[in-house]
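1. Have a look; sequence and predicted model below, questions after that.
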Amino acid sequence: MTELLEVRDLVKHFPVRSGLFRAADALKAVDGISFSIGVGQTLGLVGESGCGKSTTGRLVMRLLDPTSGSIRLAGEEIGALRGAALQEYRRRVQIVFQNPASALNPRQSVGTAIAAPLLAQGITPPGGVKARVRDLMDRVGLRPDHYNRFPHEFSGGQKQRVGIARALALDPRLIVCDEPVSALDVSVQAQVINLLQDIQQETGVAYLFISHDLSVVRHFADQVAVMYLGHLAEHGPTSDVFAAPKHPYTRALLSAVPSPSPGADRSGRIRLAGDLPSPSDPPSGCVFRTRCPLYAALGEERQRLCREQAPASVSGAACHHVAASALAE
């Protein structure tokens, strides 16, 4: 697999003001994550609300500047890009937002909205901008007479198709999909996911697919990365992670996925205790230990290891006790 995007030790801390002028602690939204996406591949980034998924997407887009770490696209470091170099990067990486209604200007026709990236980059495609926009609309399943209509005349699924067409306008190599189907009905979700898959097969574009819906990720992604409180708990091929999750947090997430069968046995459901800790004051050592179902059953020495040392990733899971085979026993 040829790597397109490489993220290494990525950190984003936001200063937290404790007074009028003094910055005290930092909110650790992303705290040292690493992953890669191959050409034409999809990485599903999952986790609870507040875990840092969307911040990661915005860092990759360079809508936010990283505190530290490395982001490389096709081998080029993009963390320090400015001016014309950053504008060129915008041609290669685009984004589809979660809420299609708020992502569109209500005073702009959809044709104008789709043409906006071309105009912003000063690009005149063969045949002209209007012909290119009509071609994009056809690709995402919109009719030619939709060109002059406004967002309020469209359903949620149609608005998201407009967002996808706009993201495709510059022929990007990577698209960040920030929960692109979470605001849509289930039947429409399937249509949009199938559209994204068809586009990937046609163009070879790669996706960073951010979602809290594990069923969608299982169907759509080649790789999956599970985030918890700014860290990666587990990362690996989708089939492996879903078939045999190693990290206790991943196991808890998968156990919560609803079953379509009314008579399904729910006795194996893992319920996490407590609330998600504050990212401005995360637990020491392993950030998951305060909610970990394994922690209470460990001996004092192993508990101290969890309290005092942040775990490295072993076999794709950031847990001290994967290496000790505690999870497999």
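-> Yep, that arrived.
2. what sits against N99?
-> Contact analysis of N99 by Cβ atoms under 8 Å, 6 or more residues apart in numbering lists A183. Heads up, the C-betas are built off the backbone N, CA and C, glycines and all.
3. Q189: which element?
-> Using DSSP states H and E, the element containing Q189 is helix 186-203.
4. CA atoms of that helix as CSV?
-> The C-alpha coordinates for helix 186-203 follow below in CSV (Å, rounded to 0.1, in the frame of the first residue of the first chain):
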residue,chain,number,x,y,z
VAL,A,186,-30.9,5.8,7.6
SER,A,187,-32.1,5.1,4.0
VAL,A,188,-30.4,8.3,2.8
GLN,A,189,-27.2,7.4,4.8
ALA,A,190,-26.9,4.3,2.7
GLN,A,191,-27.3,6.3,-0.6
VAL,A,192,-24.6,8.8,0.5
ILE,A,193,-22.2,6.0,1.6
ASN,A,194,-22.7,4.2,-1.7
LEU,A,195,-22.1,7.4,-3.6
LEU,A,196,-18.8,8.0,-1.7
GLN,A,197,-17.7,4.4,-2.5
ASP,A,198,-18.5,4.8,-6.2
ILE,A,199,-16.5,8.1,-6.3
GLN,A,200,-13.6,6.4,-4.6
GLN,A,201,-13.6,3.6,-7.2
GLU,A,202,-13.8,6.1,-10.0
THR,A,203,-11.2,8.6,-8.9
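5. on contacts alone, who are the packing partners of it?
-> helix 156-168, strand 206-210, helix 214-220 (3 or more Cβ pairs under 8 Å, 6 or more residues apart in numbering; DSSP states H and E).
6. Pull the distance from the second one to the chain's centre.
-> Pointing back at strand 206-210 there. Taking Cα atoms, centre = their mean, to the nearest Å, one finds strand 206-210 lying 6 Å from the centre of the chain it belongs to.
7. And stretch 113-132, by the same measure?
-> Counting by Cα atoms, centre = their mean, stretch 113-132 comes out at 28 Å from the chain centroid.
8. ok, of the helices and strands packed on helix 186-203, where does mean pLDDT dip lowest?
-> Across the helices and strands packed on helix 186-203, helix 214-220 has the smallest mean pLDDT, namely a mean of 91.
9. how about it: buried residues?
-> Across helix 214-220, burial judged by 16 or more other Cβ atoms under 10 Å covers 214, 216-218, 220.
10. Where do the helices of the stretch 201-329 of the chain begin and end?
-> 214-220, 238-243, 248-255, 300-308, 320-323 (DSSP state H, counting those that start in this stretch).
11. Could you list the alpha-carbon positions for the longest one in CSV?
-> Looking back up the chat, that one is helix 300-308. C-alpha atoms of helix 300-308 as CSV (Å, rounded to 0.1, in the frame of the first residue of the first chain):
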residue,chain,number,x,y,z
GLU,A,300,-1.6,-3.2,42.9
GLU,A,301,1.5,-3.4,40.8
ARG,A,302,-0.3,-3.5,37.5
GLN,A,303,-2.6,-0.7,38.7
ARG,A,304,0.4,1.4,39.5
LEU,A,305,1.7,0.8,36.0
CYS,A,306,-1.6,2.1,34.6
ARG,A,307,-1.5,5.2,36.9
GLU,A,308,2.1,6.2,36.3
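12. now the end-to-end length of stretch 81-97.
-> 23 Å (Cα to Cα, to the nearest Å).
13. what mean pLDDT does the helix holding Q189 have?
-> The model assigns helix 186-203 a mean pLDDT of 92.
14. What residues sit buried inside it?
-> Buried-residue list, helix 186-203, by 16+ other Cβ under 10 Å: 188-189, 191-193, 195-196, 199-200.
15. ok, the closest residue to L272 other than its chain neighbours - contacts?
-> Nearest in space to L272, with sequence neighbours left out and distances taken as Cβ to Cβ, 6 or more residues apart in numbering, is R291 at 4.6 Å. Neighbouring residues of R291 by Cβ under 8 Å, 6+ apart: 249, 272-274, 276.
16. What about these, which one has the most neighbours?
-> When neighbours are taken as other Cβ atoms under 10 Å, the top entry among those is Y249 (28 neighbours).
17. which one is it nearest to, not counting chain neighbours?
-> Using Cβ to Cβ, 6+ apart, the nearest residue to Y249 is A233, at 4.6 Å.
18. for F97, same thing?
-> A103 (4.1 Å).
19. for the one you found, what are its contacts?
-> 97, 159, 163.
20. of those, closest to D240?
-> When the contacts of A103 are compared for distance to D240 (Cβ to Cβ), F97 wins out at 30.2 Å.
21. how many neighbours does the closest one have?
-> Residues within reach of F97, counting by other Cβ under 10 Å, total 20.
22. my guess is it meets I175, correct?
-> No - counting by Cβ atoms under 8 Å, F97 stays clear of I175, with 11.2 Å between them.
23. got a list of what the closest residue in space to R58 that isn't next to it in sequence touches?
-> Using Cβ to Cβ, 6+ apart and skipping the chain neighbours, the partner closest in space to R58 is L64 (4.6 Å). By Cβ under 8 Å, 6+ apart, the contact set of L64 is 12, 55, 58.
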